[in-house]
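[1] Structural data only, the sequence is not supplied:
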């Protein structure tokens, strides 16, 4: 079990308890604390669980480097990735163990679904069975059209990370590029089972932070790396996306414009805006990004918040 945490004193014990309460018992728990400034480490120190190991980052590096650290310290064959505001359902590891025993040769990734506090399930649409690179692109297109979160459960054989581990630097959640790159060589088994709960009570979530004094600096700090991820996605997968996931590609171009404005590159952002419009973006979102982006990164960040 791989868990990353940053200032999650109110959530981390619940997350760890959801692992220790599993019907399947042969596991380890690796938690990386990404230099929390609250009581996260104190809460972890108070958990009496011999299978729990805690690794501390000396400085806050971001979620992708933290996940990379969990992989580097894991000893198990199969790695289940958890966010600290998630829970596993009590039968989750038993179910994953069963699925592992049925995997076809060459399939080393299992993806499952999550239920949110309000009762919605993500992803709202999933591929059927084993999905290769092209099936992933088709799924991204369906997701762009349907809307909804792409958050999913991940159970990954440790050898997959020899192909390419999580990025060692970069702020923000950079899984989209890593997973799409990975899909070119690693098919995934998708199952409709809901194996985890995703809670919305962590105030410092990047998608739920409401305090402008924290949220705006975070947006501006992460913009450069989000821009890098999106531009790399468009560079590496752009032709395939144009053929197989045009709506998703259009959304990427809109997001590229947003992040590039936030990063302070007005000329680059206008270029992305032009490309987004050429790809079919006509909504108030792309227009608003252009208008407020020209006024400056902090103005745009406040409007986005």
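    Okay, I see it. None of these values were measured; they are calculated from a predicted model.
[2] Number of residues surrounding the closest residue to residue 298 other than its chain neighbours?
    Of all residues not flanking residue 298 in the chain, residue 216 sits nearest, at 6.5 Å (Cβ to Cβ, 6 or more residues apart in numbering). Quick note: C-beta positions are derived from backbone N, CA and C, even for glycine. Residues contacting residue 216 under the criterion other Cβ atoms under 10 Å number 19.
[3] Centre of the chain to the strand or helix carrying residue 216, how far?
    Using DSSP states H and E, residue 216 maps to helix 212-244. Chain-centre distance of helix 212-244: 13 Å, with Cα atoms, centre = their mean, to the nearest Å.
[4] Which positions within the following helix or strand past that helix qualify as buried?
    Per DSSP H and E, helix 212-244 leads on to helix 246-262 as the next helix or strand towards the C-terminus. If you call a residue buried by 16 or more other Cβ atoms under 10 Å, then helix 246-262 has these buried ones: 247-262.
[5] and the angle for whichever helix or strand comes after helix 246-262 with helix 212-244?
    Counting by DSSP H and E, the element after helix 246-262 in chain order, helix or strand, is helix 266-278. Orientation of helix 266-278 against helix 212-244 (axes from the mean of the first three to the mean of the last three Cα atoms, to 10 degrees) gives an angle of 50 degrees.
[6] Mind listing what's buried along helix 266-278?
    In helix 266-278, counting by 16+ other Cβ under 10 Å, buried: 268, 269, 270, 272, 273, 275, 276, 277.
[7] wouldn't the fourth one be in contact with residue 252 here?
    No: contact status for residue 272 versus residue 252: not in contact, 9.3 Å apart, counting by Cβ atoms under 8 Å.
[8] In the stretch 201-305 of the chain, where is pLDDT below threshold?
    Across the stretch 201-305 of the chain, the ranges flagged by pLDDT under 70 are 206-210.
[9] repeat that with 80
    203-211 (pLDDT under 80).
[10] Would you mark the buried spots in the helix holding residue 216?
    Going by 16+ other Cβ under 10 Å, helix 212-244 has these buried residues: 215-216, 218-220, 222-234, 237, 241, 244.
[11] just stretch 183-192 next, same as before
    For stretch 183-192, by 16+ other Cβ under 10 Å, it's 183, 186, 187, 188, 189, 190, 191.
[12] strand partners of the helix or strand containing residue 115, parallel vs antiparallel please.
    Following DSSP H and E, one finds residue 115 within strand 109-116. If you go by DSSP bridges, strand 109-116 pairs up with strand 121-122 (antiparallel), strand 153-157 (antiparallel), strand 188-198 (parallel).
[13] which residue sits closest to residue 149 in space, ignoring its chain neighbours?
    Residue 149's closest residue in space is residue 122 (Cβ to Cβ, 6+ apart), at 4.0 Å.
[14] ok, the one you found touching residue 148?
    Yes: using Cβ under 8 Å, residue 122 is in contact with residue 148, at 6.0 Å.
[15] who has more neighbours, those two?
    Neighbour count, other Cβ under 10 Å: between residue 122 and residue 148, residue 122 has more, with 19 against 14.
[16] all helices of the stretch 51-200 of the chain, in order?
    Assigned by DSSP state H, counting those that start in this stretch, the stretch 51-200 of the chain shows helices spanning 63-73, 92-100, 133-146, 175-183.
[17] which of these is buried the deepest?
    Per residue and on average, the most neighbours among those fall to helix 63-73, with a mean of 21 (mean count of other Cβ atoms under 10 Å).
[18] Perfect, that will be all.
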